[in-house]
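Give me coordinates for this.
(chains A and B)
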Amino acid sequence: MKALLVGILFFGFLSHAVAQSKYIDRNGKASFFSSAPMEDIEAHNNQAVSILDVKSGEIVASMLMRSFNFRKALMEEHFNENYIESNKYPKSTFKGKVTNVEQFDVTKNGKYSLDVTGEITLHGVTQKINVKADAVVENGTIKAKAVFPLVVQDFKIEVPRLVRNNIAEKMEVTVSFNYQPMKP
Amino acid sequence: MRSFLLAILMMLPLWTLQAQEDLMDLVDKESEEEPHITEQTFKGTRLINGHSIETRKKGVLDVIIGHRFGRLNSGAYELFGLDESNVRLGIDYGITDRFNAGFGRNSFEKTYDGFLKYKILRQEKARVPVSVVAFSSAALKTLKTGDPAGEPDLNSRLTYSYQIIIAKKFTPSFSFQISPTMVHRNAVPEAQDPNDIYALGAGGRIKLTKRLSLNAEYYYQFNRVENSSMQNSVAIGFDIETGGHVFQLHFTNSRAMNEKGFITETTGDFFDADIHFGFNISRTFQLYE
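You can find the predicted model right below:
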């Protein structure tokens, strides 16, 4: 009986050790690109934070809207003030799972294709999303990159008719993370 | 004992579940702090006639075309003032995010003006309650007097204005500012007129939609000479923002579009319909990134 108890407690610690399967990037990159007849708009955020749990496949990411940098100062102001309303909705988050995590081995260098499914929250609206991400394992670090489209209207972001030639209906979003093992 | 074991067994999955739920909290903990600086207290660098708290960001050139028509009460023959026009062409430039310089020329009295504007304090969430700007401008009147004794010298055609603008964005849709002002005139029209006029400007905006706001502005002169024909400046208007443009449409009793002009030389009585329809068009260009 006592042995069983010790055994269970031991397993308990093992499950705790799962926490060590977490990988983090504190300076992840996110960018979006809009191509419209009148102009192209591009913005970059180099302070996205993401954690990937290679055991469970759990993946989360978060970034501040105010950290997006635009080429034109006024675009950045309008993005925050009129479109994304960053004082009301300061950040965008993603919460999901790598569904084919069993094919992923962080101990083996190589290229992997990850199927990520989850929910993205932007401008206070949550949408389901499926993304294919390319991952490269190199000596215990993971470089992951995904490109996917987001439809502006899906997130209740209003674009007035007057500027429809300046802002595309669909943004091309690129995220790339360089995950390092997370110290407990 | 058995029930104790069972309890432990039942808690184990809870434990791992907890670990997964916490990923989001972990990310939050690792994320940077939210920025606090309040942006866009007003849409434009001008509230209506006067300057707002806003400065253009570094490398941004703002081309502003201001226009005031004649008086509404001038009647149908003058098409309610639309036949008369008065233009100020000007530029504002962002030397840094906080320091702007500008230059312009008003067709009214053929006046050139230049200004410097520095943001001393920026409103920050839970830290700094207001934004403060120090502003100074100089205006040079070049309209010929036709005086047979000769034109006045350069010095007596110059006027200086000094302003402290204090603004607060109370909510995303309501902002208010006050601007204590001193206008120094090197030369005055009448002997009893003071060289220095002290005034207090007050104005605000209410956003009606994301891109449309209702603005109002008033300048009160403290030491206006009694029985003087000069009035306090009143203005009410709308800001319409469309991408890189801000259109400001307004009604005001002032004609001049420089500080010394509208603060100290407004002759129209707003409540007697001496009102000028006018607009400012602001277009920004990013010159330097």
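
wait, B:L208 sits on B:L214?
Yes: with contact defined as CB atoms under 8 Å, B:L208 and B:L214 form a contacting pair (5.8 Å). For the C-beta atoms, the positions are set from N, CA and C on the backbone; glycine is no exception.

and the residue positioned nearest the centre of chain A, what element?
Centre of chain A computed as the mean C-alpha position; nearest residue by CA atoms, centre = their mean is A:A61, 4.3 Å away. Secondary structure assigned from DSSP states H and E places A:A61 in strand A:58-64.

would you list every one of the strands in the chain?
By default, I'm working from chain A. A:22-35, A:40-53, A:58-64, A:69-70, A:91-98, A:110-122, A:125-138, A:141-151, A:170-181 (DSSP state E).

The chain in question should be chain B.
Listed in chain order, the strands of chain B (DSSP E) span B:60-71, B:85-94, B:99-106, B:111-121, B:131-141, B:158-171, B:174-185, B:196-209, B:212-221, B:233-242, B:245-252, B:276-286.

Rebuild those as CSV, extending it with mean neighbour count and mean pLDDT.
Formatted as CSV, the strands of chain B follow (neighbours: other CB atoms under 10 Å in any protein chain shown; pLDDT from 0 to 100):
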stretch, mean neighbour count, mean pLDDT
strand B:60-71, 20, 95
strand B:85-94, 19, 96
strand B:99-106, 19, 97
strand B:111-121, 18, 97
strand B:131-141, 20, 97
strand B:158-171, 18, 97
strand B:174-185, 20, 97
strand B:196-209, 18, 96
strand B:212-221, 19, 96
strand B:233-242, 21, 94
strand B:245-252, 20, 94
strand B:276-286, 20, 94
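
Using CSV, please lay out these together with distance to B:I37.
Converted to CSV, those look like this (distance: least, CB to CB, whole Å):
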stretch, distance to B:I37
strand B:60-71, 17
strand B:85-94, 16
strand B:99-106, 16
strand B:111-121, 11
strand B:131-141, 9
strand B:158-171, 11
strand B:174-185, 15
strand B:196-209, 19
strand B:212-221, 20
strand B:233-242, 20
strand B:245-252, 21
strand B:276-286, 20
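
Just tell me which of these ends up closest to B:P148.
strand B:131-141 (18.9 Å; CB to CB).

tilt between the closest one and strand B:158-171?
Relative orientation of strand B:131-141 and strand B:158-171, computed by axes from the mean of the first three to the mean of the last three CA atoms, to 10 degrees: 150 degrees.

Which strands or helices does strand B:131-141 pack on?
strand B:111-121, strand B:158-171, helix B:259-264 (3 or more CB pairs under 8 Å, 6 or more residues apart in numbering or on different chains; DSSP states H and E).

Quick check: B:E265 vs A:T99, distance?
Distance, B:E265 to A:T99, by CB to CB, to the nearest Å: 73 Å.

higher neighbour count, those two?
Remark: of B:E265 and A:T99, B:E265 carries more neighbours, 22 against 14, as counted by other CB atoms under 10 Å in any protein chain shown.
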